[in-house]
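Here is my input, please return the structure:
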Amino acid sequence: MKELDLKKSVYELTEAYPELIGILKELGFLGVANPVARNTLGRITTIPQGCEKQKQDLNEVIARLEEAGFEVKTGA
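Below you'll find the model as predicted:
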């Protein structure tokens, strides 16, 4: 199973799992599909921070990631 540590940046996670780009884009994180944005903002933004900024429910995003075959580590 693919493991996602939500403490890691969006950039780190998408570099490890490029398929994550499409999933996050479907969830409304449109900037993740832009290589420049992913390489700049993505390096300092985590998925929870992105959810907060986008007014997304983190639990729904986690559920979608788990449906896609990821094991999500929340750090809790």
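
which stretches of the protein form strands?
For the chain, applying DSSP state E gives strands covering 2-5, 70-73.

give me every residue that touches residue 72.
Contact analysis of residue 72 by CB atoms under 8 Å, 6 or more residues apart in numbering lists 4, 6, 62, 65-66. Glycine gets a C-beta too; all of them are placed from N, C-alpha and C.

From residue 13, how far out is it?
10 Å (CB to CB, to the nearest Å).

Grab the most central residue of the chain for me.
residue 47 (4.4 Å; CA atoms, centre = their mean).

you'd agree that one is up against residue 59?
No - counting by CB atoms under 8 Å, residue 47 stays clear of residue 59, with 11.8 Å between them.

low pLDDT regions in this protein?
75-76 (pLDDT under 70).

which neighbours do residue 72 and residue 13 share?
In contact with both residue 72 and residue 13: residue 4, using CB under 8 Å, 6+ apart.

circling back: could you work out the most separated pair of the contacts of residue 72?
6 and 66 (12.2 Å; CB to CB).

more crowded one of the two?
More crowded of residue 6 and residue 66, by other CB atoms under 10 Å: residue 6, with 19 against 13.

Relative to residue 42, how far out is that one?
Going from residue 6 to residue 42 by CB to CB gives 14 Å.

With residue 61 instead?
Counting by CB to CB - residue 61 and residue 42 are separated by 15 Å.

When the two are compared, which one has more neighbours?
More crowded of residue 61 and residue 42, by other CB under 10 Å: residue 42, with 25 against 22.

Verify the contact between the more buried one and residue 9 for me.
Yes - Residue 42 lies in contact with residue 9 (CB under 8 Å); the separation is 6.1 Å.

Spit out the contact partners of residue 32.
10, 14, 21, 24-25, 38, 42.

Quick check: the two most widely separated of those residues?
Every pair of the contacts of residue 32 checked by CB to CB; the farthest is 25 and 42, at 12.4 Å.
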